[in-house]
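> 3D, please:
(chains A and B)
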Amino acid sequence: MLTGYLIYGLINSVVLVLVALGFNLTFGISGVANFAFGALYVTAGFLAWIGLNTLSLPYWVSAPLAVLITAVLAGLLYRVVVLRVRGLVVSEVIATFGVGLALLELFRFLGFIGFEYTLPDAGDFSLSLLGVLVDSQRLLIVAMGAALTAFLWLFTRYTTTGRAFRAIAQDEHTALTLGINTERTATIAVAFGAGYAAIAALVILPLGTIAVNEGYNVLVNALAVCIVGGLGSTLGVIVASFLIGTAQTLTAAYLGTHWMMIVSLVAILLILLVRPSGLFGSHKQLEERI
Amino acid sequence: MSAEVILEVRDLAKSFGGVRAVDGISFSLKRNELMGVIGPNGSGKTTLVNLLSGFVKPDAGQVVYQGRGITGWAPYRIAEQGISRTFQMAKPFYQLPAFKNVVVPLISPRVKRLAGGAYGDRDAVAKDLLEEVGFERDSWVISKQASVLPHGYLKRLELARCLALRPDVLILDELFSGLSLAEVASLVPVIEKLMVQGKTIVMVEHRLKELFRIADRVIVLNFGQKIAEGEPEEVMVQDDVRKAYLGSEAED
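This is a model prediction of the structure:
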């Protein structure tokens, strides 16, 4: 029984890693807390659905296309909206949250509600892990979580754009004096983060339906993971995901699923009381600002 | 000696709110000249540096660099053209080792272009540059994370990172501030050597004694305006310059 909970807790943790990586990446590099993140996640799901069902495209066309369009949308969001209020943190949050709300409620308005909005899963295959059956979609989620984390690690170390990401994350002004176009790089970072959200959506959404409200849940979960882990820290994302993910699954098992969302919110409150910069927060500015 | 003008500044102005931080400053800088910029606190020196390096956009005026208008350009484009600056408060990439800080500019498009693709071992080039500004090549210091370096080393690191871009013009914003007399004394020959190599340097400085030893020319700012210009000795005897300095010190 407990083994089962722990294995499913682990899978739930990887779901959180997938959801939070993109949000964290964008924040770590551009300093923009993209509150349209959940909306972009849901958008990717609906785009893939439209591609598959309305346009009858094959999956291998529809899925990458959904990721690409979501990334481009986020890049545009940055160029057209965020850049105008850049540096005014509260305005950035309001602007991105507003766009996210508009996007999500637009889907609701257009009638994208119902159980028919699902994405195809990885098929009827399952594996027994320590006596616990795990289906192919959940295995895919774990594999994708590992792959995206590894890709991010390699990307930020071995590509020029990735190195520019890290330079900007450490000091944007210095990056500028060295000839790094920080606005272009930040645009790429926002698009990249949204691309990660889209990939997360494509592997996670087949477990349920594509619902507008998922957008809000994803945002809260991503926020919780990033705040607990320490904004901008990838290691923090992973550790916090495992803490919150396991706690959520155990809470659902022993207290009831309707208590699950509370876990993220309590986690945010606790960490802000105890350690405001998060478990692995390297943002010294946070302490200096106070 | 030919007097080719490399940087021409005309009527540059910038206000913040109601304060005219830089109020119509003009000067021209000749190639391989070392110009000092001095003035009391709040006289507009750092704003001038920010205007020249693109961190602040001017309200009015022009900056012409090698015959090309670069007014209002973004910082990364100005850096790409060969004007490199340091920060008064050193701003290294704190999570990188000291020498890796210097590797970052070596990957920039400018250095790639100037080196024609052949830049050899970047780590070695970075260490050469650090040695040039006074790091001991074989010491542990160059491999230490920048966040634990003492102030004196951070200032040298700023200079090395600046040099790595192979700039034509260096703008040094209070390079000597916070350094001991011995540290300044060891940096002066470094700057003299850069002049021999043909660099053009603008030095914003409070350490007048050391600056006057190496500067060809000095401009004096007060309340955002240029109140004097000339060779160091002749500038300091002017009445309004003395008043600006003594006045500010009396208030301090």
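> Please count neighbours and contacts with C-alpha atoms only from this point.
Fine.
> Regarding whatever residue of chain B ends up closest to chain A, which helix or strand does it belong to?
At 4.0 Å from chain A, B:Tyr76 is the closest residue in chain B, using CA to the nearest CA. Using DSSP states H and E, B:Tyr76 maps to helix B:75-81.
> other SSEs contacting that helix?
With contacts taken as 3 or more CA pairs under 8 Å, 6 or more residues apart in numbering or on different chains; DSSP states H and E, helix B:75-81 sits against helix A:172-177, helix B:45-53, helix B:109-115.
> Confirm B:Leu172 sits in a strand?
Yes - assessed with DSSP: H, G, I helix; E, B strand; the rest coil, B:Leu172 lies in a strand.
> partners of it in the sheet?
B:Met203 (DSSP bridges).
> Distance-wise, check it relative to A:Gly281.
Note on B:Leu172: its distance to A:Gly281, by CA to CA, to the nearest Å, is 32 Å.
> try A:Asp121
For A:Asp121, the distance to A:Gly281 equals 36 Å [CA to CA].
> Repeat that for A:Phe109.
With CA to CA as the criterion, A:Phe109 and A:Gly281 are 39 Å apart.
> quick one, which of those two is more surrounded?
A:Gly281 (21 against 11; other CA atoms under 10 Å in any protein chain shown).
> helix/strand/coil for the more buried one?
Secondary structure, three-state DSSP: A:Gly281 is coil.
> Any idea how many residues pack against the nearest residue to it once chain neighbours are set aside?
Using CA to CA, 6 or more residues apart in numbering or on different chains and skipping residues adjacent in sequence, the residue nearest A:Gly281 is A:Gly230, 3.8 Å away. Neighbours of A:Gly230 under the rule other CA under 10 Å: 26.
> Next, give phi and psi for A:Gly230.
Here is the backbone geometry of A:Gly230 (degrees, to the nearest 10): phi 110, psi 110.
> Verify the stated contact: it with A:Arg275.
No - using CA atoms under 8 Å, A:Gly230 makes no contact with A:Arg275, being 9.3 Å away.
> Mind checking if stretch B:144-158 is in reach of chain A?
No - for stretch B:144-158, no contact with chain A is found by CA under 8 Å from any CA of the partner chain; the gap never falls below 9.4 Å.
> what's the span of that stretch, first residue to last?
15 Å.
> Any buried residues in that stretch, and which?
Neighbour counts over stretch B:144-158 (16 or more other CA atoms under 10 Å in any protein chain shown) mark B:Lys144, B:Gln145, B:Ala146, B:Leu149, B:Gly152, B:Tyr153, B:Leu154, B:Lys155, B:Arg156, B:Leu157, B:Glu158 as buried.
> Residues in contact with it: which ones?
B:86-87, B:90-98, B:101-102, B:130, B:133-135, B:141, B:175-176, B:178-179, B:183 (CA atoms under 8 Å, 6 or more residues apart in numbering or on different chains).
> same thing with stretch A:35-52?
A:23, A:57-59, A:62-63, A:65-67, A:69-70, A:74, A:93, A:96-101, A:103-104, A:117-119, A:194, A:197-198, A:200-202, A:205, A:210-212, A:214-219.
> Now, the buried residues of stretch B:144-158 that are in helices?
B:Gly152, B:Tyr153, B:Leu154, B:Lys155, B:Arg156, B:Leu157, B:Glu158 (DSSP state H).
> wait, does stretch B:98-112 contact chain A?
Yes - legend: contact between stretch B:98-112 and chain A by CA under 8 Å from any CA is shown at B:Val104, B:Pro105, B:Ile107, B:Ser108, B:Pro109, B:Arg110.
> what stretches of the chain score poorly on pLDDT?
Using chain A. A:282-290 (pLDDT under 70).
> you looked at the wrong chain, it should be chain B
B:1-3, B:117-119, B:246-252.
> For chain A, give the residue positioned nearest to chain B.
With CA to the nearest CA as the measure, A:Gly179 is the residue of chain A nearest to chain B, at 4.0 Å.
> how about the residues of the stretch 51-200 of chain B near chain A?
Residues of the stretch 51-200 of chain B lying near chain A (CA under 8 Å from any CA): B:53, B:75-80, B:84-85, B:91-95, B:104-105, B:107-110, B:162, B:165.
> Could you export the buried residues of stretch B:144-158 as JSON lines, including distance to B:Gly18?
JSON lines is the format used below for these (distance: CA to CA, whole Å):
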{"residue": "B:Lys144", "distance to B:Gly18": "44"}
{"residue": "B:Gln145", "distance to B:Gly18": "42"}
{"residue": "B:Ala146", "distance to B:Gly18": "38"}
{"residue": "B:Leu149", "distance to B:Gly18": "39"}
{"residue": "B:Gly152", "distance to B:Gly18": "36"}
{"residue": "B:Tyr153", "distance to B:Gly18": "38"}
{"residue": "B:Leu154", "distance to B:Gly18": "35"}
{"residue": "B:Lys155", "distance to B:Gly18": "33"}
{"residue": "B:Arg156", "distance to B:Gly18": "36"}
{"residue": "B:Leu157", "distance to B:Gly18": "36"}
{"residue": "B:Glu158", "distance to B:Gly18": "33"}
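> Give me the ChimeraX select line for the residues of stretch B:98-112 next to chain A, limited to the buried ones.
The following ChimeraX line selects those of these that are buried, judged by 16+ other CA under 10 Å:
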select /B:104,105,107,108,109,110
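> Now intersect the contacts of stretch A:35-52 with the helices, please.
Here DSSP H is the test, and those give A:23, A:59, A:62-63, A:65-67, A:69-70, A:74, A:93, A:96-101, A:103-104, A:194, A:197-198, A:200-202, A:212, A:214-219 as lying in helices.
> out of these, which are buried?
Neighbour-count burial (16+ other CA under 10 Å) applied to those gives A:23, A:62-63, A:65-67, A:69-70, A:74, A:93, A:96-97, A:99-101, A:103-104, A:194, A:197-198, A:200-202, A:212, A:214-216, A:218-219.
> So which of those residues reach chain B?
Among those, proximity to chain B is found for none (CA under 8 Å from any CA).
> if we can go back for a sec, just checking, which helix or strand succeeds the helix holding B:Tyr76 along the chain?
Per DSSP H and E, the first helix or strand lying C-terminal to helix B:75-81 is strand B:83-85.
> any idea which helix or strand comes after that next one?
Per DSSP H and E, the first helix or strand lying C-terminal to strand B:83-85 is helix B:98-106.
> What helices and strands are in contact with that next one?
Counting by 3+ CA pairs under 8 Å, 6+ apart, the packing neighbours recorded for helix B:98-106 are helix B:122-132, helix B:151-164.
> Any chance you could list what contacts the first one?
Helix B:122-132 is touched from outside by B:99-100, B:102-103, B:106, B:136-137, B:142, B:156-157, B:160, B:163-164, B:190, with contacts defined as CA under 8 Å, 6+ apart.
> Just list the residues touching B:Val22, thanks.
B:Leu12, B:Ala13, B:Lys14, B:Ser15, B:Ser43, B:Gly44, B:Thr47, B:Leu48, B:Phe223, B:Gly224, B:Gln225.
> Up against chain B, what does chain A have?
Applying CA under 8 Å from any CA, we find that chain A lies next to chain B at A:160, A:167, A:170-171, A:173-182.
> Pull out the buried members of those.
A:Ala167, A:Gln170, A:His173, A:Thr174, A:Ala175, A:Leu176, A:Thr177, A:Leu178, A:Gly179, A:Ile180, A:Asn181, A:Thr182.
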